[in-house]
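S.K.: sequence and computational prediction follow.
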Amino acid sequence: MIVQPKINTRKGSAEMFTGDVYIDTVVYSVESSPIRVNSVHFTPGARTAWHSHAVGQYLHVVEGTGLVQEKNGEVKVLRPGDTIYTEPGIWHWHGASKDSFMTHLAIWEAPSTGKESDWGEHVSDEEYNRQP
Ligand code: MN
């Protein structure tokens, strides 16, 4: 058994996010397990850059109102209790709506070799403002 004590909240990097985002690690990496879980807190208007995950990703919304979009798809509104699965290699972004905080759990697996995620361009205001 391994106890994983709470570690300090960290700020999401300006390369990966627009706006202020704070990240709490929920499940640390353990050599024998590829499972990764973060609790990600987005301030209103904050969002990830465009990115994709090698082995896919689940998002589970805990509070607030969120948005998610995959490449060439519509912007979808997320509510507490919603779970979204993004398939491996699909480019997408997620974040808070303009007028609400949003917290989600991000649950994914590390691939056996290579990068967990690829990161690209920031989500422009024009792309973000296409929200429903
Ligand atoms: Mn993602």
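M.R.: That came through, no problem. Residues are numbered from 1 along each chain as shown.

S.K.: separation between Thr65 and Val27?
M.R.: Here Thr65 is placed at a distance of 25 Å from Val27 (CB to CB, to the nearest Å). Just so you know, the C-beta spots here come from the backbone N, C-alpha and C atoms, and that holds for glycine as well.

S.K.: same deal with Gln69?
M.R.: According to CB to CB, Gln69 and Val27 sit 26 Å apart.

S.K.: who has more neighbours out of the two?
M.R.: Per other CB atoms under 10 Å, whichever of Gln69 and Val27 has more neighbours is Gln69, with 21 against 13.

S.K.: so that one sits in a helix?
M.R.: No: judged by DSSP: H, G, I helix; E, B strand; the rest coil, Gln69 forms no part of a helix; its state is strand.

S.K.: per-residue pLDDT, the closest residue to it other than its chain neighbours?
M.R.: Spatial nearest neighbour of Gln69, chain neighbours left out: Val75 (4.6 Å); criterion: CB to CB, 6 or more residues apart in numbering. Among the per-residue scores, Val75 shows a pLDDT of 96.
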